[in-house]
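Asks: Provided below are the primary sequence and the corresponding predicted coordinates.
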Amino acid sequence: GIQVEQSPPDLILQEGANSTLRCNFSDSVNNLQWFHQNPWGQLINLFYIPSGTKQNGRLSATTVATERYSLLYISSSQTTDSGVYFCAVLQGATDSWGKLQFGAGTQVVVTP
Amino acid sequence: EPEVTQTPSHQVTQMGQEVILRCVPISNHLYFYWYRQILGQKVEFLVSFYNNEISEKSEIFDDQFSVERPDGSNFTLKIRSTKLEDSAMYFCASGSVAQHFGDGTRLSIL
């Protein structure tokens, strides 16, 4: 099956700092989503981004499908950004639905 | 914004008992999923459901597990003869393209 690798595994940021999280995948994908898992365990949808660039407030994401990677940018980080960020992909060339394969996540800690 | 809702939020059960985890997907979605996350690990796919039948299942989803859409709105995951290693967070998701996740049920097997 498809391999999904996220880096770095851990990230400690001072409040106000910017950061970039990376997701590499081993095959073509029809769906790529970024999630934030907060300290209560909830999985929050951040982006559905199989290709291109999207922005939502201080967060933005870019997926370069031809080169098999996606980046999540966090700008002006806040303590509420702490948690685990997961990249998840749907492998395949035709269907737009099906099982998501998750990466291992990046644990982000934002300190005051 | 419509949400996927899961109940209960936390379930504590004795080993060997049966549990039913419940989900109400977003109403106009056609595809439904269950995932689980063992503490400290990544999220793993269990099963997908479309048109009132299982469309794909993982190796984890053996005869101990079953899913049902009993009334056109609820989507349930039943785990029979629970084991200690079934302790995990179970997420329901629904979607047509992007998948939307519920808040999860934390299952603790004693």
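Replies: Looks like it arrived, so ask away. Numbering: from 1, shown residues only, chains lettered A, B, ... in the order given.
Asks: helix, strand or coil for the spatially most central residue of chain B?
Replies: Ranked by distance to the mean C-alpha position of chain B (CA atoms, centre = their mean), the top residue is B:Trp34 at 3.7 Å. Under the three-state scheme (DSSP: H, G, I helix; E, B strand; the rest coil), B:Trp34 adopts strand.
Asks: doesn't B:Glu44 make contact with it?
Replies: No - assessed by CB atoms under 8 Å, B:Trp34 is found out of contact with B:Glu44, at 10.0 Å. Any C-beta I mention is one placed from the backbone N, CA and C, and that applies to glycine too.
Asks: Now the residue nearest to the centre of chain B: closest residue in space that isn't a chain neighbour?
Replies: B:Leu46 (4.3 Å; CB to CB, 6 or more residues apart in numbering or on different chains).
Asks: tell me the secondary structure for A:Trp70?
Replies: Trp isn't right for residue A:70; it's Ser. Applying three-state DSSP: A:Ser70 is strand.
Asks: Name all residues that make contact with it.
Replies: Counting by CB atoms under 8 Å, 6 or more residues apart in numbering or on different chains, A:Ser70 touches A:22-23, A:25, A:32, A:34, A:49, A:61-64, A:87.
Asks: So which of these wins on neighbours?
Replies: A:Cys87 (32 neighbours; other CB atoms under 10 Å in any protein chain shown).
Asks: Who are the packing partners of the strand or helix carrying it?
Replies: Counting by DSSP states H and E, the element that carries A:Cys87 is strand A:83-91. If you count contacts as 3 or more CB pairs under 8 Å, 6 or more residues apart in numbering or on different chains; DSSP states H and E, strand A:83-91 packs onto strand A:4-7, strand A:19-25, strand A:29-37, strand A:69-74, strand A:101-102, strand A:106-111.
Asks: Can you add mean pLDDT and give the ones you listed back as CSV?
Replies: Shown next, in CSV, are these (pLDDT from 0 to 100):
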stretch, mean pLDDT
strand A:4-7, 97
strand A:19-25, 97
strand A:29-37, 93
strand A:69-74, 98
strand A:101-102, 95
strand A:106-111, 97
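Asks: mind putting those in JSON lines, distance to B:Ser96 included?
Replies: Below are the helices and strands packed on strand A:83-91 laid out as JSON lines (distance: least, CB to CB, whole Å):
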{"stretch": "strand A:4-7", "distance to B:Ser96": "22"}
{"stretch": "strand A:19-25", "distance to B:Ser96": "22"}
{"stretch": "strand A:29-37", "distance to B:Ser96": "11"}
{"stretch": "strand A:69-74", "distance to B:Ser96": "21"}
{"stretch": "strand A:101-102", "distance to B:Ser96": "19"}
{"stretch": "strand A:106-111", "distance to B:Ser96": "28"}
